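Asks: fold the following for me, if possible:
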Amino acid sequence: MIFRPHAIGTVAAALTAAVLSLLSGCPPSGAAGEDAGSSDRDDAGTEPDDDAGSTPDDDAGSTPNDAGSGSDDAGSTPDDAGPGDPFGRYDRAGPATVTLVAGAVDLGGFSPVDLDVYLPSTPGPRPVVSLSPGLLQPREAYRPYGERLASHGVIVVVRDDPGVLTDTQTVADGIVTIATTWLDAENADSASPLFGRVDQSRLGLAGHSRGGKASLVAAEQRLHDVASAWFGLDPVDASEFAGGAMARDALPDLGMATGFFGAEVTSSCSPADDNYHVLFLLAPTPSVELVGLGAGHTQLQDEDHCVGCAACSPQGSADGDVVLGLAVRYLTAFFARELLDDATVGAGLDGAGAALDVAEGRITRATR
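Replies: Numbering: from 1, shown residues only. As a prediction, the model looks like this:
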């Protein structure tokens, strides 16, 4: 099970974050405004300047300041998420430089599986999030999530969805293999880009649409004692292509924190009887449900890389860049809370701007 990198490059995460922030209509403020106007690092990965809040070493365990309300591991100091920054530090790129490693791994199927691995420059073993795309969707469509999470010190692994000839149960089995056997092997292999980089005690699972269901099934079946948290991007627990697996059956006994970002517009790709809200009502506490008002199912990914988006009808009425910006921010903040112990985020994600987004009509929110 050898990972064969075939492309390595530095990701301009700060630029992507600035573009998403501008397109989302969320006003840049404080350090965020400065980051959007002038990059806190160049594409070659130089150290961030003072405007970035702190050096990447702060992410690895600097001395807490007097605010003391977040883990040192959560990134820059709480001043980054102060009164002048109502959407919090996760609305933009963090202090770490991100390296994208693209490669392939043999999971025992018909052909090797292509993976993207987003590696932060933050030193030491890091938490990992496994992100699973929707049906037929390529890993490139979820690059904004990988970039943002990794810039805040979390390794992200994304694979292509294998398509309709592979049922959801098999996809879930692959998620388990990647999250356990493969990660363990890469962490121990001195020739791997992941050598010594994986904190095996801090694993998060996430996914969009079919990938949300598959990652949840993986958590329920074999990763419930391994993973710490799960986040669904408009997950769909449909019986089609399921291979007999239904996420709702074991969800009440999951035993980990869950989060949902759902699209308000029900479509042919996200029927109401199988959507995020059905799962949220069964999720154990703690759980948070955020719903993008006017959002459509495919707007939770980079639509420039979406395969077959036109088949999902009706489409969302909200601005797609606004929806994607919200989803990226909330997924990142959720895992910062669960994997980086950032208590400033809060149970209802208020530290990530949830209350403000509710007040300004971008989302609705419920908690359990």
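Asks: so the closest residue to residue 244 other than its chain neighbours, which of the three states?
Replies: Spatially, and ignoring its direct neighbours in sequence, residue 244 is nearest to residue 169 (6.2 Å; Cβ to Cβ, 6 or more residues apart in numbering). Where you see a C-beta, it was placed from the backbone N, CA and C, and this is true even at glycine. Reducing the assignment at residue 169 to three states with DSSP: H, G, I helix; E, B strand; the rest coil gives helix.
Asks: okay, now residue 169: neighbour count?
Replies: Counted with other Cβ atoms under 10 Å, residues neighbouring residue 169 total 18.
Asks: pretty sure it sits against residue 213.
Replies: No. At 10.1 Å, residue 169 does not count as touching residue 213 under the criterion of Cβ atoms under 8 Å.
Asks: what's the overlap in contacts for these two?
Replies: Residues touching both residue 169 and residue 213 (Cβ atoms under 8 Å, 6 or more residues apart in numbering): 242, 245.
Asks: can you pull the contacts of the residue nearest to residue 244?
Replies: 217, 242-245.
Asks: can you tell me which of those residues are buried?
Replies: Buried members of these, counted by 16 or more other Cβ atoms under 10 Å: 217, 242, 245.
Asks: quick one: what helix or strand has residue 131 in it?
Replies: strand 126-132 (DSSP states H and E).
Asks: against which helices or strands is that strand packed?
Replies: Secondary-structure packing of strand 126-132 (3 or more Cβ pairs under 8 Å, 6 or more residues apart in numbering; DSSP states H and E): helix 143-151, strand 155-159, helix 168-177, strand 198-208, helix 210-221, helix 320-339.
Asks: highest average neighbour count across these?
Replies: Of all those, helix 210-221 has the most neighbours on average by mean count of other Cβ atoms under 10 Å, namely a mean of 28.
Asks: same for it, what does it pack against?
Replies: Checking 3+ Cβ pairs under 8 Å, 6+ apart, helix 210-221 ends up next to strand 126-132, helix 168-177, strand 198-208, strand 229-233.
Asks: make a markdown table out of those and add mean pLDDT and distance to residue 308.
Replies: A markdown table is the format used below for these (pLDDT from 0 to 100; distance: least, Cβ to Cβ, whole Å):
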| stretch | mean pLDDT | distance to residue 308 |
| --- | --- | --- |
| strand 126-132 | 98 | 17 |
| helix 168-177 | 96 | 17 |
| strand 198-208 | 97 | 14 |
| strand 229-233 | 98 | 17 |
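Asks: dump these to CSV, plus distance to residue 254.
Replies: Below are the helices and strands packed on helix 210-221 laid out as CSV (distance: least, Cβ to Cβ, whole Å):
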stretch, distance to residue 254
strand 126-132, 16
helix 168-177, 14
strand 198-208, 11
strand 229-233, 8
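Asks: just to revisit the earlier point, need the helices and strands packed on strand 126-132 in TSV (columns: distance to residue 228).
Replies: Listed next are those as TSV, based on distance: least, Cβ to Cβ, whole Å:
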stretch	distance to residue 228
helix 143-151	14
strand 155-159	14
helix 168-177	15
strand 198-208	6
helix 210-221	10
helix 320-339	6
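Asks: closest to residue 273 out of the ones you listed?
Replies: Smallest distance to residue 273 across these (Cβ to Cβ): 13.6 Å, for helix 210-221.
Asks: beta partners for residue 98?
Replies: Under the criterion DSSP bridges, residue 98 forms beta bridges with residue 11, residue 120.
Asks: no wait, residue 205
Replies: With DSSP bridges as the rule, residue 205 is bridged to residue 130, residue 230.
Asks: just checking, it touches residue 213?
Replies: No. Between residue 205 and residue 213 there is no contact under Cβ under 8 Å: 11.4 Å.
Asks: next, give phi and psi for the nearest residue to residue 121 once chain neighbours are set aside.
Replies: The shortest distance from residue 121 to any non-neighbouring residue, by Cβ to Cβ, 6+ apart, is to residue 97 (4.1 Å). Here is the backbone geometry of residue 97 (degrees, to the nearest 10): phi -80, psi 140.
Asks: ok, residue 258 next?
Replies: Torsion angles, degrees, to the nearest 10, at residue 258: phi -130, psi 150.
Asks: and the gap between it and residue 240?
Replies: 23 Å (Cβ to Cβ, to the nearest Å).
Asks: one more: residue 102?
Replies: Residue 102 sits 30 Å away from residue 240, going by Cβ to Cβ.
Asks: quick one, which of these two is more surrounded?
Replies: More crowded of residue 102 and residue 240, by other Cβ under 10 Å: residue 102, with 16 against 11.
Asks: now do the nearest residue to residue 332 once chain neighbours are set aside against residue 202, distance only.
Replies: In space, and not counting its chain neighbours, residue 332 is closest to residue 90: 4.3 Å by Cβ to Cβ, 6+ apart. Residue 90 is 17 Å from residue 202, where distance means Cβ to Cβ.
Asks: could you count how many residues lie near residue 249?
Replies: Applying other Cβ under 10 Å, we find 12 residues neighbouring residue 249.
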